[in-house]
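Asks: dropping the sequence and predicted coords here.
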Amino acid sequence: MAYWEMIFFWVGLVIYSLACGGFVYSFVFKNPKVMPKMTALVAIGFVCVTAAIIARFQATGHLPWSGHYEYTLMGGWFIIGGTLFVGWQNKMLQGLAVGTLPLVVIMMGYGYMQNPGLTPMGASLKTVWLYIHVYFAWLSFGAYSLAMAAGVLFLLKSKPREVPNPAYDRFPSLGRLDELIFRYVVFGFITDTIMICAGAIWAKDLWGSYWAWDPVETWSLICWLVYGITIHLRVTFNWRERRLAWMAVAALSTVIISFFGVNLVVNTSLHVFQVR
Amino acid sequence: MFKKIIKLLSSLKFTIFLIAVLGVIFAIGLWIPQARLVKDIYLQWYRNSPQLVEWLDFFGLTTIYTGPITVTIWILFFINLALVLWQRIPVVKHRIALSDDKITDPEKSPGYPFKRTFLLPQGMDGAAVLTQLGKRRYRVLGGPSGFYAVQNRLAPVAFMLFHVSFYLVLLGGLFSVYTEFIAYLDIAQGESFHGEVSRYNVKPAIKMPAIGSAPEASFTVKSIVPEVSGNTATGVNVELVDADRQSHLVHINTPYVTGPTSFVFKHLGMAPHFVLKDPSGKEVENALVKLDVLRMVPDKFDLGGYNFTATFYPDFVMVDGKRASRSREFKNPMFFLVAEKNGQKVGEALVPKDGVFQFAGNRLEMPELRYWVRFYVITQRGLPILYLGFAIACVAVIWRMVFYKRELVGKVAETPEGRALVIAGRSEYYKSLAEDEFVKLFSKITGVKLESDNEN
């Protein structure tokens, strides 16, 4: 890691962790007033992580697109960026951070434990297709994460309680949350489709075959099919509310497996998520 | 019976079932070693548990992606898709149709959840409202006394296009499979290739196309320049000159493409030119030897009746009396050669470029040190169809899911408070979010700040 990268990375991670605790506190202790302050804290953490990415870019000469550490760094940036963006557009959605922040904190911690060393860009990654493929991959991961967070909020808010929790009043109505879950899933599905198509075209140039049943490739297809089923269930079979929320939460596991899980159990993938 | 089968095959529940089964099959393929994809792991597994593997082989689970179960599911999937699409044609036609029947009273229109009435500002009449709707990409039927407006009317067509793109991908994929030629070609700097099938590597076996013949190609490898920074291979530049004396640069990610055939860079090796001379100085044999030594694993070759083992160090250094490489950069290339005759070692030496290895009275000279590359040669003739399918899928999914249909029915009525616009609206997929959108739309059109009913 570059010197400034390490400083900004840790400051950012600590701030995210503090904000994560703050969001959980606001839910558990029914104190919604801290939420805007926590959102501001997340924004500061986001600036720090952005600075860490810039510092790494300066040290390596390329954007952090390869290896588990870089994937989690950029992935966390996209997810928190998306969370802040929707929270800025609609203050009622600031609470989405309660779903996305823990995910990003765990991801960044996991990435750091892998290989955060500075490495030159591998030959296979020097192509414009990398940017298209990975950019859309992260957009889809970000959108699916937001769908999961909206699903978590929906499940929390829709749970019948004897004593109402004022923290939930700050969130959009259940009807809107339900539609937001679907909207994020749709956005994720679109970017996922583009990611898979771009990946196939890149694979043709790099490996000679547009589809080789590589484990990561295959799991991406499974992930795409799962979200395709989710969209069909919603549009055709009118799956809404709690069922859709559970679906959005559960379906994210396929994305996480695709990015981080496949290489843990299979070592035959051509996808270079690990810097060797 | 036939009707029942058709009903089952064309049901959307069956679609969901088939997609779910495909997902499960793909997941199984990740857990069970696949014979063609991870051959070494499969063979080792077979040696350890022959009965289990034979049992899985029998059900096609070790070739699951092309096995009979998967092929059957795919066939059912595409039949189901065709039937569903066929059934949807009249629905889509109906949805995109424009007719005056769609102009209804907004106060009594069922199926339009958004209903609002707002006073128009002074000087704004119904015609101005309709003009504003037109400017916002709404197609308007009727007039101020009763109108129907629709945005993204053709969005349902994108549903058809998206699913038709699956057939293009299928067609492109099938065409590619049946016209597919796959082989590997090892070629060193300075060597030429003219499409001879005999020049391709024997292992892995050449896959000849079911339709068509081996590809025609002709070129000479002019230069091979690897790039290594620290311990990371950062690139390789291979310059080819074709029969028309045109130069082509091949990199990782940039194959040499001639017609439907691609020569994809796969592997790099060292190609030393060895000259073996006997004790009298007479040349016994000379050869450009392609050695696969860049993974720091020794390779073997035979020359003049001797067996040689070669280990290569790209950046040679002695560390504590042991041979090593400082990095993977080609800063101080060095071979360590061991010569054997009839299984007996007859000599060993470190040999740099232009160096000489003397053993048993012989001289092995290395006047040149070149590189060789392994090309993965693949011909697939269905790619344009496949890529067209990808493009249509991407465009159609954006069109269908982002530019979805919004419909409005309305009228301008005179009320005691003044001229009022009565509106009913609906959108595909969304209710609450669409209501916000309609409120914003009419706030802009009328210039009056309106509030949404469902801020929470």
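Replies: Cool, the structure landed.

Asks: okay, buried residues for the helix or strand bottoming out on mean pLDDT in chain B please.
Replies: Using mean pLDDT, DSSP states H and E, the weakest-scoring helix or strand in chain B turns out to be helix B:39-48, at a mean of 82. Taking 16 or more other CB atoms under 10 Å in any protein chain shown as the neighbour-count basis, helix B:39-48 is seen to contain the buried residues B:42, B:45, B:46. Just so you know, the C-beta spots here come from the backbone N, C-alpha and C atoms, and that holds for glycine as well.

Asks: do I have it right that the first one meets residue B:35?
Replies: Yes - because the distance of 4.8 Å satisfies CB atoms under 8 Å, residue B:42 is recorded as touching residue B:35.

Asks: just to revisit the earlier point, identify all contacting residues around the next helix-or-strand element following the least confident helix or strand of chain B.
Replies: Following helix B:39-48 in sequence order, the next helix or strand is helix B:50-58 (DSSP states H and E). Where contact means CB atoms under 8 Å, 6 or more residues apart in numbering or on different chains, the residues beyond helix B:50-58 that reach it are B:32, B:35, B:42, B:45, B:46, B:62, B:63.

Asks: the closest residue to the last one other than its chain neighbours: neighbouring residues, count only.
Replies: So the one you mean is residue B:63. Taking CB to CB, 6 or more residues apart in numbering or on different chains, and ignoring the residues beside it in sequence, residue B:63 has residue B:35 as its nearest neighbour in space, at 5.5 Å. Number of residues near residue B:35 (other CB atoms under 10 Å in any protein chain shown) recorded here: 19.

Asks: residue B:305 now?
Replies: Counted with other CB under 10 Å, the neighbours of residue B:305 add up to 11.

Asks: just to revisit the earlier point, chain A: which of the buried residues of helix B:39-48 is nearest?
Replies: Distance to chain A across the buried residues of helix B:39-48 (CB to the nearest CB) is lowest for residue B:42, with 10.8 Å.

Asks: for that closest one, give me its contacts.
Replies: With contact set as CB under 8 Å, 6+ apart, residue B:42 has these partners: B:33, B:34, B:35, B:53, B:62.

Asks: again, only this time at 7 Å
Replies: By CB atoms under 7 Å, 6 or more residues apart in numbering or on different chains, residue B:42 lies in contact with B:33, B:34, B:35, B:62.

Asks: for the last one, grab phi and psi.
Replies: I take that to be residue B:62. phi -100, psi 0 (degrees, to the nearest 10).

Asks: and the closest residue to residue B:87 other than its chain neighbours, what does it touch?
Replies: Leaving aside its chain neighbours, residue B:87 sits nearest to residue B:10 (6.0 Å; criterion: CB to CB, 6+ apart). Contact partners of residue B:10, counting by CB under 7 Å, 6+ apart, are B:80, B:83, B:84, B:87.

Asks: tell me the most packed of those residues, by neighbour count.
Replies: Counting by other CB under 10 Å, top hit in the contacts of residue B:10: residue B:80 with 20 neighbours.

Asks: which SSE is that one in?
Replies: Using DSSP H and E, residue B:80 sits in helix B:68-96.

Asks: now that helix: buried residues?
Replies: Neighbour-count burial for helix B:68-96 [16+ other CB under 10 Å]: B:70, B:73-74, B:76-77, B:80-85, B:92, B:95.

Asks: now distance to residue A:42 too, for the buried residues of helix B:39-48, in a markdown table please.
Replies: Converted to a markdown table, the buried residues of helix B:39-48 look like this (distance: CB to CB, whole Å):
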| residue | distance to residue A:42 |
| --- | --- |
| B:42 | 48 |
| B:45 | 48 |
| B:46 | 53 |
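
Asks: what about residue A:256, which helix or strand?
Replies: When elements are defined using DSSP H and E, residue A:256 is found to belong to helix A:241-256.

Asks: just checking, what packs against that helix?
Replies: For helix A:241-256, the contact count by 3 or more CB pairs under 7 Å, 6 or more residues apart in numbering or on different chains; DSSP states H and E identifies helix A:128-158, helix A:174-206, helix A:215-235 as packing neighbours.

Asks: quick one: mean pLDDT over the last one.
Replies: It refers to helix A:215-235. When the per-residue pLDDT values of helix A:215-235 are averaged, the result is 92.

Asks: how far off helix A:174-206 does that helix point, in degrees?
Replies: Relative orientation of helix A:215-235 with respect to helix A:174-206: 150 degrees, computed using axes from the mean of the first three to the mean of the last three CA atoms, to 10 degrees.

Asks: helix A:215-235 and chain B, are they touching?
Replies: Yes - Helix A:215-235 comes into contact with chain B (CB under 7 Å from any CB of the partner chain), by way of A:215, A:218, A:219, A:221, A:222, A:225, A:226, A:228, A:229, A:232.

Asks: what about burial for these, which qualify?
Replies: Neighbour counting by 16+ other CB under 10 Å classes A:215, A:218, A:219, A:221, A:222, A:225, A:226, A:228, A:229, A:232 among the residues of helix A:215-235 next to chain B as buried.

Asks: in CSV: these, plus distance to residue B:145.
Replies: Output for those, formatted as CSV (distance: CB to CB, whole Å):
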residue, distance to residue B:145
A:215, 64
A:218, 59
A:219, 58
A:221, 54
A:222, 55
A:225, 50
A:226, 50
A:228, 45
A:229, 46
A:232, 41
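
Asks: let me know the closest of these to residue A:249.
Replies: Distances from those to residue A:249 were compared by CB to CB; the smallest belongs to residue A:226, at 12.2 Å.

Asks: what about that closest one, distance to residue B:27?
Replies: Residue A:226 sits 11 Å away from residue B:27, going by CB to CB, to the nearest Å.

Asks: same deal with residue B:378?
Replies: Distance from residue B:378 to residue B:27, counting by CB to CB: 28 Å.

Asks: what of residue A:159?
Replies: With the distance defined as CB to CB, residue A:159 ends up 32 Å from residue B:27.

Asks: ok, residue A:122 next?
Replies: Applying CB to CB, one obtains 29 Å for the distance of residue A:122 from residue B:27.

Asks: would you map the helices across the stretch 1-150 of chain A?
Replies: Counting by DSSP state H, counting those that start in this stretch, the stretch 1-150 of chain A has these helices, from start to end: A:3-28, A:34-60, A:67-89, A:97-113, A:128-158.

Asks: closest one to chain B among those helices?
Replies: Evaluated over those, closeness to chain B peaks at helix A:128-158, with 7.5 Å, by CB to the nearest CB.

Asks: mind giving me the packing neighbours of that closest one?
Replies: The contact analysis (3+ CB pairs under 7 Å, 6+ apart) places helix A:128-158 against helix A:67-89, helix A:97-113, helix A:174-206, helix A:241-256.

Asks: next, find the distance separating the closest residue to residue B:86 other than its chain neighbours from residue B:3.
Replies: Using CB to CB, 6+ apart and skipping residues adjacent in sequence, the residue nearest residue B:86 is residue B:10, 7.8 Å away. Note on residue B:10: its distance to residue B:3, by CB to CB, is 10 Å.
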